[in-house]
Every structure is written in structure tokens, then in C-alpha cells.
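>>> output the structure for:
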Amino acid sequence: MKSTITLFTFKTLLCVLVVGVFAGCAATRPISDTVLGAGGAYLGHELSNGNPLATAAGAAGGVILSEGLHFVAKKQAEKAYATGYDKGKSDAVKQQYWLYVSMQRQRNQVANVRLYPVQLPEQRIDGVTFQPSTKLLRIEE
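Numbers count the residues shown, from 1 in each chain. Sure thing, here's the model as predicted:
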């Protein structure tokens with residue numbers, strides 16, 4: 001009895017290892033479906049002592065597991081693509097912003113600035129009396 005359980009455990013672990021190796025390296029969907037379906041059929045056959053219904057259910061379970069893994073991987077890839085796309089758009093907008101800032105800095109650099117004093121006399125505007133003062137008039141060339 002003990003050797004049967006040990007042999008069964010060894011076969012099961014070997015099957016899981018083989019299925020895991022092939023499923024991890026599979027580059028195409030049909031290969032992983034086939035491998036996981038065969039692994040599920042083997043597990044169903046071994047666990048049910050050869051019951052054909054359990055073998056078929058194990059195969060179907062393996063294929064469903066494979067398809068579920070493909071679905072999750074596809075969703076993660078789509079999410080990563082969308083995140084990268086948004087990051088790229090954000091970087092492009094920032095690059096455009098800093099380009100405009102650079103252009104404005106170059107344009108705002110004035111070679112010659114002169115300040116002329118202008119005397120403003122006392123005046124009355126709308127009932128408010130303004131005291132005489134001196135203001136500076138800025139001339140950029």
C-alpha cells in the first residue's frame with residue numbers, strides 16, 4: 001500500500017513537473033492547451049483509477065486552466081501596453097511644454113534695456129487727486 005502511494009505521488013509530481021515545464025515554455029496557445037489537457041487527463045485517470053468520465057473531465061479542466069492562464073496573460077499585456085502608451089503621451093506633452101518654455105526664454109532675452117524717467121504732474125481724475133511723482137518708462141531694443 002505504501003509503495004503504491006509513493007509511486008502514485010511520484011507519477012503525479014513528475015506529471016506536474018512535465019506539464020509545468022512545457023506550459024511555461026510554450027510559445028503558442030495550442031501547445032499549452034494540449035499539454036495541460038493531457039496533464040489533466042492523466043491526473044483524472046490516475047485519481048479515478050481509470051474512470052473515462054473523470055479522465056475526460058480532467059482533460060477539460062486542463063484546457064480550461066490553460067485558456068484561463070492565456071486570458072490573464074493577455075489582460076496583463078494589454079494593461080501594460082495601455083500604461084506604456086499613456087506614459088509616452090505624457091512624456092511627449094512634457095517635452096512640448098519644455099520646448100515652449102525654452103523658446104520663450106530665448107525670446108525674452110533683451111540685448112538692450114533703457115529706463116527713462118518721466119515726471120507726472122499733480123492731477124485730479126474722477127475726484128481723486130494724484131500727487132506729482134516720477135515714473136520709469138522701460139524701453140527694450
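>>> distance between the host helix or strand of R105 and the chain's centre?
Element membership for R105, per DSSP states H and E: helix 52-108. In this view, helix 52-108 has its centroid 5 Å away from the chain centroid, taken as C-alpha atoms, centre = their mean, to the nearest Å.
>>> which helices and strands sit right next to that helix?
helix 2-25, helix 29-47 (3 or more C-beta pairs under 8 Å, 6 or more residues apart in numbering; DSSP states H and E). Using the backbone N, CA and C atoms, a C-beta is placed for each residue, glycine as well.
>>> after it comes which helix or strand?
strand 113-120.
>>> after that following strand, next one along is what?
That would be, after strand 113-120 and using DSSP H and E, strand 123-125.
>>> how far is the next helix or strand after that following strand from where the chain is centred?
Moving toward the C-terminus from strand 123-125, the next helix or strand (DSSP H and E) is strand 128-130. Counting by C-alpha atoms, centre = their mean, strand 128-130 is centred 64 Å from the centre of its parent chain.
>>> L136: what secondary structure?
strand (DSSP: H, G, I helix; E, B strand; the rest coil).
>>> who's it bridged to?
P117 (DSSP bridges).
>>> so where's this protein shaky on pLDDT?
1-3, 5-10, 13-27, 108-110 (pLDDT under 70).
>>> compute the distance between the residue lying farthest from the centre of it and L137, please.
Going by C-alpha atoms, centre = their mean, the residue of the chain most distant from its centre is E122, 67.4 Å out. Distance, E122 to L137, using C-beta to C-beta, to the nearest Å: 19 Å.
>>> contacting residues for the residue farthest from the centre of the chain?
T129, F130, Q131, P132 (C-beta atoms under 8 Å, 6 or more residues apart in numbering).
>>> let's see it at 10 Å
By C-beta atoms under 10 Å, 6 or more residues apart in numbering, the contact set of E122 is T129, F130, Q131, P132, S133.
>>> do Q131 as well
Neighbouring residues of Q131 by C-beta under 10 Å, 6+ apart: L120, P121, E122, Q123.
>>> kindly report the same for V63.
S32, D33, T34, V35, L36, G37, A38, G40, A41.
>>> any chance of CSV for those residues, columns neighbour count and distance to V93?
Listed next are these as CSV, based on neighbours: other C-beta atoms under 10 Å; distance: C-beta to C-beta, whole Å:
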residue, neighbour count, distance to V93
S32, 23, 40
D33, 20, 43
T34, 18, 47
V35, 22, 46
L36, 25, 44
G37, 20, 48
A38, 18, 51
G40, 24, 49
A41, 20, 54
